[in-house]
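> Just a sequence and a predicted model for now, questions to come.
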Amino acid sequence: MPPFVAVIARLRQLRILLLLLGLGLAQTVTAMEVLRILAWPGYADPDVVVEFERRHNIRVEVSYIDSDDGLWNRIHNNSGKNFDVFAVNTAELQRYIDQGLTVPINLDHVKNHARQLPRFQDYKAIPGLVRNGQIYAVPYTYSDMGLIYNRKKVKKIPQSISEMWDPDYRGRVLAYNASNHNFSIAGLAMGVKNPFALNPGEFKMAVSQLIKLRRNVLTFYTTPEEVVKLYLEHDIVLIFGNYGMQQVQALRAAGADVGYVIPREGALSWLDCWVITPGAKNKTLAESWIDFMLEKTVSDTLTKRHGLANTITPFQDNSKDKIIWLEPLENYAKREALWSRIISGDDFEKF
């Protein structure tokens, strides 16, 4: 065989070999299992995800949400089939269980729950986690939602949630864009007995209050990062801290001189948990993710980077403050529909 013919033959062999290798790699990538996570910002940082992928030789797809309404729509609209695991607070959790959008969790696959602080180990003592003797959620992180204030520009340290409506602060207040919390906040400002169970008369009053709030704020934000940007670009005095200390830490890291306070009416407080959808392709893998999230190094990352309390390591003691744990709401759809009209600019006379 002439030399050039031999070279051509060898090149053909090499091409065939590379093609076979490429097909093998493609099959490996295609066959790699995928875990689909729906979470809040900070709950699944890239390096944390990479470590889980390495341990289990899988791929993780993380999607983010920025409101309870958005979370509900993404899970409910697809019957939970588009994700395997998501994070939700205990009050919101109830409607997911009611609609069959979550499945019980086998704690035998979540060994690290034994590392959780005593107040979080007894799942039966935490309202909403257990239904008919089965565990539907594992606590992960929690926070109160107090008031963040600009130390240099407030007239005095805020004492009441009603100061968000202060006309002297018009255009200098940031509030959170969510139907559930805003009606409850209005309820607190109004002094109702139960801000999670508004009666028809209280609903009407709350609509009026929220229209006034809409006129007093600069805007309604969704993420902690958005708050930092708005604070640096505008003359902000007061912020409703939906993400609590996570926002305080982010603002201070950006150079903001801010304080944080629990108003005298109390602070709405959430406990977020990991849950599994009925559409989970590998339930055991989903439970492994939850177990991984409860490792001390992972939980500590949540606190050190994002200022969020975790259920493994003791955090700040708010026992002297009035903490109001979120409860299921009287009518989620009604709050969402009314809030959409309020934020779009409808006047009270149209309600």
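Received it, and whenever you're ready, just let me know what you need.
> Residue ranges of each domain in this structure, please.
As assigned by automatic domain parsing, the chain contains the domains 33-142+269-320, 144-267+327-350.
> Throw these into CSV and include mean pLDDT and mean neighbour count, thanks.
For the C-beta atoms, the positions are set from N, CA and C on the backbone; glycine is no exception. Listed next are the domains of the chain as CSV, based on pLDDT from 0 to 100; neighbours: other CB atoms under 10 Å:
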stretch, mean pLDDT, mean neighbour count
domain 33-142+269-320, 94, 18
domain 144-267+327-350, 95, 18
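> Tell me how far Glu92 lies from Val154.
To Val154, Glu92 is 32 Å away according to CB to CB, to the nearest Å.
> Excluding residues flanking it in the chain, which one is nearest the residue nearest the centre of the chain?
Centroid check for the chain by CA atoms, centre = their mean gives Trp40 as the closest residue, at 3.6 Å. Nearest residue to Trp40, sequence neighbours excluded (CB to CB, 6 or more residues apart in numbering): Ala87, at 5.8 Å.
> Check which helix or strand the one you found maps to.
strand 85-89 (DSSP states H and E).
> after that strand, next one along is what?
helix 90-98.
> Need the residues that contact that next one.
68, 71-72, 75, 88, 102, 126-129, 131, 136-137, 139, 180, 196, 270-271, 273, 275, 325-329, 332 (CB atoms under 8 Å, 6 or more residues apart in numbering).
> Could you tell me which of these belong to strands?
88, 131, 139, 270-271, 273, 275, 325 (DSSP state E).
> Make TSV from these and add distance to Ile58 to it.
Listed next are the ones in strands among the contacts of helix 90-98 as TSV, based on distance: CB to CB, whole Å:
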residue	distance to Ile58
Val88	23
Arg131	29
Pro139	25
Trp270	30
Leu271	28
Cys273	22
Val275	20
Trp325	35
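> now, the most widely separated pair of those residues?
Across the ones in strands among the contacts of helix 90-98, the longest distance by CB to CB is 19.2 Å; it joins Arg131 and Trp270.
> Need the phi and psi values for the closest residue to Asn78 other than its chain neighbours.
Leaving aside its sequence neighbours, Asn78 sits nearest to Gly279 (CB to CB, 6+ apart; 7.7 Å). Here is the backbone geometry of Gly279 (degrees, to the nearest 10): phi -90, psi 10.
> for Ile239, same thing?
Dihedral angles for Ile239 - degrees, to the nearest 10 - are phi -140, psi 130.
> Against Leu268, how distant is Gly146?
9 Å.
> just Lys334 next, same as before
19 Å.
> ok, now Val110?
28 Å.
> again, but for Leu198
Distance from Leu198 to Leu268, by CB to CB: 14 Å.
> ditto for Gly128
On the measure of CB to CB, Gly128 and Leu268 end up 15 Å apart.
> ditto for Arg335
14 Å.
> What of Ser208?
Counting by CB to CB, the gap from Ser208 to Leu268 is 20 Å.
> show me where the stretch 251-351 of the chain has helices.
283-293, 296-306, 332-344 (DSSP state H, counting those that start in this stretch).
> how about those helices in TSV, adding distance to Tyr64?
Below are those laid out as TSV (distance: least, CB to CB, whole Å):
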stretch	distance to Tyr64
helix 283-293	16
helix 296-306	13
helix 332-344	20
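> would you put the C-alpha positions of stretch 40-52 in PDB?
Presented in PDB, the C-alpha positions along stretch 40-52 are these (Å, rounded to 0.1, in the frame of the first residue of the first chain):
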ATOM      1  CA  TRP A  40     -35.800  30.900  46.100                       C
ATOM      2  CA  PRO A  41     -32.600  33.000  45.500                       C
ATOM      3  CA  GLY A  42     -29.700  31.700  47.700                       C
ATOM      4  CA  TYR A  43     -31.200  28.300  48.300                       C
ATOM      5  CA  ALA A  44     -29.200  26.500  45.600                       C
ATOM      6  CA  ASP A  45     -25.900  28.300  44.900                       C
ATOM      7  CA  PRO A  46     -23.900  27.000  41.900                       C
ATOM      8  CA  ASP A  47     -21.000  25.600  43.900                       C
ATOM      9  CA  VAL A  48     -23.500  23.800  46.200                       C
ATOM     10  CA  VAL A  49     -25.300  22.300  43.100                       C
ATOM     11  CA  VAL A  50     -21.900  21.200  41.600                       C
ATOM     12  CA  GLU A  51     -21.000  19.300  44.700                       C
ATOM     13  CA  PHE A  52     -24.300  17.400  44.700                       C
END
